[in-house]
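Novice: sharing a model prediction with you, sequence too.
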Amino acid sequence: MNTLDSLLGNLLLISGMWMVGLSAISTKLTLYALQTVAVGVLAILVGIAHHETALIMAGAGVLVLKGIAAPLYLSYLTHVVGCRKDVGSLLASPLLLLVCAAAVGGLYLFHPFRASVPPGALPAIGVILVGMILMVSRRLAISQIIGFLVLENGMFYFTVTIPHSLPLLVELGVLLDIMAGTMIAGVLTFQISDSFEHIDILRLNHPRK
Amino acid sequence: MNIPQALHVLALGLLPLIAGAAAVKVRVDMLARVTARMLWLQCVVASYVCIPVIFEHHAPVHPWPGIALDPTAAIFILLTTIVTAAVVEHSSGYFARELLGGTPPNPRVIREFYLCTMAVMLCMYGIAIADNLGYLWIAVEASTLASAPLVYSTRSGPSLEAAWKYLIICSVGIAFAFFGTALVFAASQHALPQVGSLSLAVLTRTAAQMPPALLRFGYVFLLLGYGTKAGLFPLQFWQPDAYSESPAPGAAMLAGALGNGAMLALLRVSGIMLAAGQGSFVRVTLLPMGVLTTAVAALFLVRQRDAGRMLAYSSMENMGIMAVAISLGSVGGFCLQAICHSVTKTALFLLYVDTKQIYGTTRLERLRGLITISPVRAVVLLAGIAAVAGTPPFGSFLSEWHILAASVAAHEPIAAGVLLVSITCGFIALSIHACGIVFGDPPAGREILPQQFARRWRGVAAPILLLLIALWFGILVPTSVVSAFARLSP
C-alpha cells in the first residue's frame, strides 16, 4: 500500500505541475478530475486496508462529488461563459513551471518540516503548494476555482496519509462545504461574466457601460 | 445524550430556522417586521438558555459529543442574537426607503438578505458551541459561504469584485485552517494512539503529551486560516472592500456578528496551545500579528476618504486588539472587547445605512452638517465613534485598558507602547472624521431630512439600544458580571 500511496502522491504532484503549464481549460478540468478520482480511489483502498469505514465513505464522496460532479459543473460553466483558453496569468507559463519546480524541489531536498510531518505526506504538501501557485498566478475566475480545488486535493491527500482518518461527520461536512463553495464561486462567475462580459478578476474595475 | 440540555440547545436554533423559512414565504413588505419580531423573541430564548450558563459555576453543557455550551459560547450566542435583532430591526426602514427610491431593489435580493442573515446567525451559533476542531472548521467555512451573498447583493461591479475577493481569499485561508486541523489531529494520535481526537476538551486534556513541533506546525496553519477570516495583518485584503461594498445592513452583520467567529475560533485553538505549555509560541506568533494589525489599521484610518472603509479599518483595529488579548491569555478582556466592539460597530454601521441614504454618497469629504439635517443621528454618531475608539465611560475603554495592563504585566513593553500609540492614532483619526460628518454646512440640496426618515426616534432606536449596552458595560457592570468574566476560559 505504501508503494501505491507514494506512486499516486507523486503522480498527483506531477499532474498539478502539468496544470500550471496548461492553457486549455477543458484539459485542465480533465486533469483535475483524474487527480481527484485518483485521490478518492486511494482513500477507499487505504480505508479498506486499515478497516476504516470513515475513510472509505469520504473517499467515495470525494470521487463522486469532487471527482465527477464538480468537473461537470465547471465544464458547464466554462461552456456558458464561453471561456476555452486560460489566457491570463501573472507570469509566463515557463516561468511559472520553473517557480513550481523550484518550490517542489526545495520541499523534497530540504524537507523543512522533517520533525513534524512524516515523509509520506511530502507529496501532499507539494500538491498544496502547486494548488496555491495555480490559484494566485491565474487571472480567470474559473482557473482560480480549479486552483482552489487542487489545493483542497492536497489537503485531503494529507488526511489520507496520516495513520487514522478524520471522523466521518467531519469529512462529509468538509466535503459539503467545499462543494457549496464551488457552487457559490460558480454563481459569482456567472454574475461576473454577465456584468463585465469577461471573467478576468484583475479587470473587474471596468463595468460594462 | 442529556435530553433537557439537548432541548435547550435545539431551542436556540428553532426561531432562526422559522425566520429563514419566512424569508422565502412571507410577503416582502412584511418580511422585515416579521423577522425582527421573531428575533426579539429569540433574544428572550437566548437569554433564558445562555444567562444561567454564564453565571452558574457548573461544567459546560454537553448535549451531544462535539457540542458544548460553555460560558464563552453563551456570551457569543447572546451577543450574536442581540446584534442580529438590531440589524434586522433597522433594516426594515432601510429596505422600505430603498423600495420608495428611484431604483428599488429586486424583492429577491431582500429575501436573500434575510435568508443569509439567518444562515450567518446559525453558523455563528455553530462556531460558538463547537467542541470539535472539525465542526469548528465546518461552521467557520459555512459562515463564509452564507455571508458571501450579503456582500454582492447590490449586484454592482465593485460589489462582485469584493464578493469574489472575500470568497476566494477567505476560502483559501480556511483551507489552511483545515490543514492545521489535520496536523493537530495527527499530533493527537501521539497522545491517543488508537484513534486521535478532534474534541477540544480531549485535545486540551492531552495537549501536554503531543509532539510540540507538530502542534506548533498545526497552530501556524490554524492561525493563518482563521487570521485571514478575522482580517488580521497581513491577511486583511478582503475586509475593506467587503465591508464598504456590501449593502449597509449586510456590512453591519459582517462587522458585528461575523467578525467574532474567526476570533473565537482562534481563542479555542490558542487554548489547546496554552494547555500544551506553548503559551510562549502563541505570544511569539499572535502578539506581533495583533499589534501590527492595530498599527496598520490606525495608519489607514488617518488617510481615509470613505465612510464604509473607515468603519472597516476601525473593525480591523479592534480585531488586532482582540488578537493581543488572546495572545496574552486574557479571555475576559477578549470577551469584553468583542462585546463592546460588536455592539458599537453595529450601531455605527446602522447609522452608516442612514447617512448613505441621506447623502447618496459615502465619500467623507461630502458628508457634512449631519447635526443640521438630523441632530439625533449626529449625537448618536458622535457617541458611537467615542465608544468604538475606546473613550470612557463606554465598556471598550475598560476592555482596552485591561488588555494594555495585561501586556505591561506580561513584560511586553514594545507591544504595549505600539498598541497605545495605535489606539490613540485611531481615536484621533475617527474623531476628526466624525466631527467632519457632524459639523459644517450640509451639501446643497441635502439640508433637510428626507420625508422617508420621518419616524426619527424609531429610526435610531436600534443604534441607541446597542450603545446603551456598551455604556452599561462601562459604568454599571455588577460584580457578578465581573467575576463571571474573570472565570472565563478558552
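Specialist: In hand now; what should we look at?
Novice: buried residues in stretch B:18-34?
Specialist: By neighbour count, with 16 or more other Cβ atoms under 10 Å in any protein chain shown as the criterion, the buried positions of stretch B:18-34 are B:18-20, B:22-23, B:26, B:28, B:31-32, B:34. Where C-beta positions appear, they are placed from N, C-alpha and C, glycine not excepted.
Novice: just stretch B:396-413 next, same as before
Specialist: Buried residues in stretch B:396-413, defined by neighbour count with 16+ other Cβ under 10 Å: B:396-400, B:402-404, B:406-407, B:410, B:412.
Novice: for these, give me a markdown table that also has secondary structure, distance to A:S6 and pLDDT.
Specialist: Formatted as a markdown table, those follow (DSSP: H, G, I helix; E, B strand; the rest coil; distance: Cβ to Cβ, whole Å; pLDDT from 0 to 100):
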| residue | secondary structure | distance to A:S6 | pLDDT |
| --- | --- | --- | --- |
| B:S396 | helix | 54 | 90 |
| B:F397 | helix | 58 | 91 |
| B:L398 | helix | 57 | 89 |
| B:S399 | helix | 52 | 90 |
| B:E400 | helix | 53 | 91 |
| B:H402 | helix | 52 | 90 |
| B:I403 | helix | 49 | 92 |
| B:L404 | helix | 52 | 92 |
| B:A406 | helix | 49 | 91 |
| B:S407 | helix | 48 | 93 |
| B:A410 | coil | 46 | 90 |
| B:E412 | coil | 46 | 90 |
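Novice: tell me the one among the residues you listed nearest to B:G436.
Specialist: Distances from those to B:G436 were compared by Cβ to Cβ; the smallest belongs to B:S396, at 21.8 Å.
Novice: any idea how far chain A is from the closest one?
Specialist: The spacing between B:S396 and chain A, counted by Cβ to the nearest Cβ, to the nearest Å, is 34 Å.
Novice: contacting residues for that residue?
Specialist: B:S396 makes contact with B:337, B:340-341, B:344, B:387-390, B:470, B:474, according to Cβ atoms under 8 Å, 6 or more residues apart in numbering or on different chains.
Novice: the nearest residue to it once chain neighbours are set aside: which element?
Specialist: With Cβ to Cβ, 6 or more residues apart in numbering or on different chains as the measure, B:C340 is the residue that lies nearest to B:S396, at 3.9 Å, once sequence neighbours are left out. Under the criterion of DSSP states H and E, B:C340 resides in helix B:331-359.
Novice: do the same with B:S280
Specialist: Element membership of B:S280 [criterion: DSSP H and E] is helix B:279-302.
Novice: which non-adjacent residue is nearest the spatially most central residue of chain A?
Specialist: Most central residue of chain A, judged by C-alpha distance to the mean C-alpha position with Cα atoms, centre = their mean, is A:V150 at 0.8 Å. Taking Cβ to Cβ, 6+ apart, and ignoring the residues beside it in sequence, A:V150 has A:G131 as its nearest neighbour in space, at 3.8 Å.
Novice: run a quick neighbour tally on the residue nearest to B:S396.
Specialist: The criterion is other Cβ atoms under 10 Å in any protein chain shown. On that basis, B:C340 has 26 neighbouring residues.
Novice: wait, it sits on B:L471?
Specialist: No. Applying Cβ atoms under 8 Å as the test, B:C340 and B:L471 come out as separate, 9.7 Å apart.
Novice: which neighbours do these two share?
Specialist: By Cβ under 8 Å, 6+ apart, B:C340 and B:L471 have these common neighbours: B:387, B:394-395.
Novice: now, which of the residues you listed sits nearest B:V44?
Specialist: Proximity to B:V44 was ranked across these by Cβ to Cβ; first place goes to B:G395, at 22.7 Å.
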